[in-house]
Structure formats: structure tokens, C-alpha cells
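A.B. asks: sequence plus the predicted model coming up.
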Amino acid sequence: MQQTETSAALPGELPAVAAYGLRVVRGRHTVLQDISFTVPRGCIVGLLGPSGCGKTTLLRSVVGVQQTTAGHVQVLGHAAGAPQLRTRVGYVTQAPSVYADLTVLENLRYFAAALGMRGWQREDAVVRVVKDVDLASYADKLVARLSGGQYSRVSLAVALLNKPDLLVMDEPTVGLDPMVRRELWLVFQRLAEEGTTLLVSSHVMDEADRCDRLLLMRAGRLLAGADREALLEHTGCDDVEEAFMHLVQAASDAEERARRRAAEQSLPLALPGLLDQAGAPEAERAYFAADTVR
Ligand SMILES: Nc1ncnc2c1ncn2[C@@H]1O[C@H](COP(=O)(O)OP(=O)(O)OP(=O)(O)O)[C@@H](O)[C@H]1O
């Protein structure tokens, strides 16, 4: 896949996230294999792939809460999880991370205080984020009484208290109806326009249309990382879902050919080394390697 410049990235500017050769083993299972990608600043980057492919593990590695086995993840010029990033990275987890028995305001004041905000600084931050996520009319409601979409917006509001430069969100729209999903994406777009970089996971392919750039994952590997248009052009497909299926098929075909070649040469069956050992053509190896990803 050809390298494409993303308009939001200024020349010479460090990407918000740069991962090289990331590998994660959880228990006995290799969950992420040789993952490399970048997230340019000021973009919305969608991390897409089926359930269980490793999206959460990848996001946890970016936030710095995942033990990694190999590779390196740089976030805003620091190693992922570095203390300097604590106030600069917001993380919205998949599971609700707010208290159902507190009101929206009580939650926000609590988390603002935990971040060290006091007095007017705290109140200013709370008012700002309530406005950011359009929850002003629900500010005094118990979170337990909110709808799914409103609940998600409270979690998002908490992550925005610090005005993060990078916002990492794990399936923030899962289970929400199309109208609410649309509203949340408008909030994400507004945040990106104001300069926040967003890395958002989803297994809903149509959300890809709302992203500047896409990372497509399958079974712990990155199939592709590119601007949406470049991806469609490269695969000759009309939409991202079709492009994803095309890449999955191409990867399976390449894997099968490599297996056959390895069997013929009596080589051990271990990807991705297998592909190199078996002398797989560059185009095939590319499906398994970082260099599909810019
Ligand atoms: N604590 C753990 N120990 C061992 N394996 C784990 C652990 N957590 C997750 N896994 C495995 O890692 C793989 C990737 O999980 P992960 O949660 O990253 O996927 P995902 O793409 O985010 O899935 P979903 O879309 O369903 O949230 C899965 O096969 C899962 O079973």
C-alpha cells in the first residue's frame, strides 16, 4: 500500500502515537503480533476489526496499562504510560467507569478532584465538559437513570476533564442506537477540529466513514493502516467492509501459499518467520508486516 500523507499532520511533526513491532502475550496466547502503526496528530483514527481480534489490548498498550512482550509504543514523544502523559491522554474504557449512584455533576467533581483540581479550576472544568458532551440538561440526574448514550457521554466527559491531547476510546458507541451514535460522532468530530487526536475502536465497519484514517485488525495482526480513500483505491473496493474482507482473503491466501511452500521445503510452521523462510514474495509478506502501515 502506498504511503499517504494525512492533511492534519504538519510536516516534521511527531505523530501522536507511533508503535513499532508491538507484541503482547496474555496468558499462553499471543494476542498482538508485530504491530506497527502511526496516528498523526489532530486526526480521528478508527481501529476496526472483529470481536476478539485484539483492539482493547492494542489500546491498553497505547495508554500504557498493558504489559508488552516486545516492541515499543511512543505517545506524544514519550514511552507509553510515562508519567508526563498522565494529564495528556484520556482513556474511555469499554466498561462504564463512572459511578451509577452519583449524579453527572457529582461524578465529574469527584474525578476532577482525583486529578488534583480544586475550587474554580475544578468547577470550570466540570462546566466545560458538561457542555462539550451536551449533558447540561442531565447534570443533576443520577447516572443510573441515564440512557446508554448519555451514560457513554458521562464517561467521555470524565476523560475530557484534563483537556487531553490524545483521546483513546474503546468501542464508545457499542450498543447505542444509530441516532445516538451519530450524535457521539459529532462530538468526536468537534473535538478533532479543536485539535484533539482521537483513536477510536469499533467493530462496526460503517463507523469507518467517519474516520480520517483506519487501522484494520484481524487475529492479533494489522492488515492495513491507511487513509480511507487510499485503502479503497489499493483494494479496488467500494466500501471499507468490502476492503476488509478483501484483505482478510488476501492474507488467508498468502498464509496458505506460505504454508504449502514451507511444507515443500520442510520448514517449521511459524508465522511470520515462516513467510520469510519460505521465500514468500514481498507482496505476501506485506500483509503480515508493519510495512503495510504508515
Ligand atoms: N486477561 C487475559 N488473559 C488472556 N487472554 C486474554 C485476556 N484478555 C483478553 N484476552 C484474549 O486476547 C484476545 C484479544 O482480546 P481483546 O479484548 O483485546 O479483543 P477485542 O478486539 O478488543 O475484542 P472485543 O471487540 O470483543 O472487545 C482475545 O482472544 C481474548 O480472549
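C.D. replies: Looks like it came in fine.
A.B. asks: show me where the chain has helices.
C.D. replies: For the chain, applying DSSP state H gives helices covering 55-63, 104-114, 119-132, 148-160, 178-193, 228-235, 240-264, 273-277, 282-286.
A.B. asks: how about these in JSON lines, adding distance to residue 222, mean pLDDT and mean neighbour count?
C.D. replies: The C-beta positions use only the backbone N, C-alpha and C, and glycine is treated the same way. Below are the helices of the chain laid out as JSON lines (distance: least, Cβ to Cβ, whole Å; pLDDT from 0 to 100; neighbours: other Cβ atoms under 10 Å):
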{"stretch": "helix 55-63", "distance to residue 222": "9", "mean pLDDT": "96", "mean neighbour count": "23"}
{"stretch": "helix 104-114", "distance to residue 222": "33", "mean pLDDT": "96", "mean neighbour count": "19"}
{"stretch": "helix 119-132", "distance to residue 222": "31", "mean pLDDT": "94", "mean neighbour count": "15"}
{"stretch": "helix 148-160", "distance to residue 222": "25", "mean pLDDT": "89", "mean neighbour count": "22"}
{"stretch": "helix 178-193", "distance to residue 222": "22", "mean pLDDT": "88", "mean neighbour count": "16"}
{"stretch": "helix 228-235", "distance to residue 222": "12", "mean pLDDT": "88", "mean neighbour count": "17"}
{"stretch": "helix 240-264", "distance to residue 222": "10", "mean pLDDT": "84", "mean neighbour count": "16"}
{"stretch": "helix 273-277", "distance to residue 222": "15", "mean pLDDT": "44", "mean neighbour count": "16"}
{"stretch": "helix 282-286", "distance to residue 222": "11", "mean pLDDT": "40", "mean neighbour count": "15"}
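A.B. asks: among those, which comes closest to the ligand?
C.D. replies: Proximity to the ligand, assessed across these by Cβ to the nearest ligand atom, is greatest for helix 55-63 (3.3 Å).
A.B. asks: say whether the ligand is contacted by the closest one.
C.D. replies: Yes. Contact of helix 55-63 with the ligand (Cβ under 6 Å from any ligand atom) involves 55, 56, 57.
A.B. asks: by contact count, what packs against that helix?
C.D. replies: strand 17-26, strand 29-39, strand 44-48, strand 70-75, strand 89-92, strand 166-169, strand 197-202 (3 or more Cβ pairs under 8 Å, 6 or more residues apart in numbering; DSSP states H and E).
A.B. asks: which residues of the stretch 151-294 of the chain lie near the ligand?
C.D. replies: So the stretch 151-294 of the chain meets the ligand at residue 203 (Cβ under 6 Å from any ligand atom).
A.B. asks: for the ligand, what's the nearest residue on the stretch 151-294 of the chain?
C.D. replies: Counting by Cβ to the nearest ligand atom, the stretch 151-294 of the chain gets nearest the ligand through residue 203, at 5.3 Å.
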